[in-house]
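Student: Pasting the sequence and the predicted model now:
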Amino acid sequence: MLHNVKGRRFHREASVRSRRFLNNRDPVIYLYVWHGILSYMVFFQAFDLMMSNVRLCYDPAYNDERRKIYLEEFQEKADHLSRFLGDHPFVAGDQVTYADFLLFEALSGILALSSGVLKNHPVLQ
């Protein structure tokens, strides 16, 4: 039996789960998680990294001191990401996912601020 959830049709089990997840969330992300395409925790972590970089770079009060503070704070986040990845080639399994591309984009933006910021994290290079 199919049910309607926000204009989309799902089977009963999917409908119950989607009602919990889709409350004010993007249904595309829900579908990624539902089908096991990516780990949404890593997706949001990478998105937060990217947006913090954007906020820093486009801030009218941007200066070198703020950049240094940001890069020091990033080291802790990089430690967490390195431990999470371990020796796995990809973020959410054995195949490349959208989370991998988003993490690459976030790390590329941070590398633009300082090319040596990932020297202690070979997994992220």
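Tutor: In hand now; what should we look at?

Student: Can you give me the buried ones in stretch 118-125?
Tutor: Residues of stretch 118-125 classed as buried: 118, 121, 124 (neighbour count, 16 or more other Cβ atoms under 10 Å). C-betas here are computed from N, CA, C, even on glycine.

Student: Mind putting these into TSV with secondary structure and distance to residue 95?
Tutor: TSV is the format used below for the buried residues of stretch 118-125 (DSSP: H, G, I helix; E, B strand; the rest coil; distance: Cβ to Cβ, whole Å):
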residue	secondary structure	distance to residue 95
118	coil	23
121	coil	22
124	coil	19
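
Student: Helices of the chain, residue ranges please.
Tutor: 12-21, 27-34, 40-57, 64-85, 98-113 (DSSP state H).

Student: which one of these has the lowest average pLDDT?
Tutor: Mean pLDDT per stretch puts helix 12-21 lowest among the helices of the chain, at a mean of 41.

Student: quick one, domains of the protein?
Tutor: Annotated domains of the chain cover 2-34, 40-113 [automatic domain parsing].

Student: which residues touch residue 45?
Tutor: 77, 81, 103 (Cβ atoms under 8 Å, 6 or more residues apart in numbering).

Student: Buried ones among those?
Tutor: Among the contacts of residue 45, those that count as buried by neighbour count (16+ other Cβ under 10 Å) are 81, 103.
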